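**Student:** Kindly return the folded structure for what I paste below:
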Amino acid sequence: MTGSFADPPNDVRITEYDAVRPASFAAVLTNKMVVVIAAGTPVGVALNTAALLGVGLGHHHDDVVGPDTVDASGEVHTGMGAYPIPVLRGTAEQLHDLRTQAAARPDVTVHDMHEAAQKARTYDQMSQTLAGTKPEDITYLGLALYGPRAAVDSLTGALGLYR
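**Tutor:** Numbers count the residues shown, from 1 in each chain. Just a heads-up that it's a prediction; the model follows:
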């Protein structure tokens, strides 16, 4: 396969997924995305949290999904995340503080997953519960941050990898 990840070869079949802007190499070097999961979160909930946060980021940032690719037999594989996504771990208090700090930065996008969402049976139920919850009472299960590499690093540099 010739060409870069951001520039597929001419013979790649274009799909509706290609309507989004493919991630440019410069954007991948300049921006960063991370997921932070609360320490002690059960594995199944942690995996679900990471997946939901990734969906949120992909929905709100056109440049995070690369274009479709093709294998040697010509089989098309739909685009996937164009960024490496470190998965970090922090305490509940660290997540709360991190969300507050990141939300104060206009250059950083914050997606969060909280207990209200995890416990709700429907999106409407989660929205209603959250609307009645004071910010200081929200327990975060995970956060996803996206923005300039230096900004994201300064916010998350003290956190270790999720293991």
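**Student:** only C-alpha atoms for contact and neighbour calcs from this point on.
**Tutor:** Noted.
**Student:** and Ala38, how many neighbours does it have?
**Tutor:** Using other CA atoms under 10 Å, Ala38 has 24 other residues around it.
**Student:** Go ahead and confirm it touches Arg89.
**Tutor:** Yes - counting by CA atoms under 8 Å, Ala38 touches Arg89, with 5.8 Å between them.
**Student:** give the contact list for the residue most central in space within the chain.
**Tutor:** Closest residue to the average C-alpha location of the chain: Gly54 at 3.6 Å, with CA atoms, centre = their mean. By CA atoms under 8 Å, 6 or more residues apart in numbering, the contact set of Gly54 is Ala144.
**Student:** and if you look at Leu145?
**Tutor:** Taking CA under 8 Å, 6+ apart, we find Leu145 in contact with Lys32, Met33, Val34, Val35, Ala102, Val108, Thr109, Val110, His111, Val152.
**Student:** For stretch 135-146, buried residues please.
**Tutor:** Within stretch 135-146, the residues that qualify as buried are Thr139, Tyr140, Leu141, Gly142, Leu143, Ala144, Leu145, Tyr146, counting by 16 or more other CA atoms under 10 Å.
**Student:** And stretch 102-113, by the same measure?
**Tutor:** Ala102, Val108, Thr109, Val110, His111, Asp112, Met113.
**Student:** Repeat that for stretch 30-48.
**Tutor:** So, applying 16+ other CA under 10 Å, buried residues of stretch 30-48: Asn31, Lys32, Met33, Val34, Val35, Val36, Ile37, Ala38, Ala39, Thr41, Ala46.
**Student:** Relative to Glu93, which of these is nearest.
**Tutor:** Among those, Ala38 lies closest to Glu93 (CA to CA), at 9.1 Å.
**Student:** Please name the bridge partners of that closest one.
**Tutor:** With DSSP bridges as the criterion, Ala38 is bridged to Gly90.
**Student:** pLDDT score assigned to it?
**Tutor:** Ala38 is assigned 97 on the pLDDT scale.
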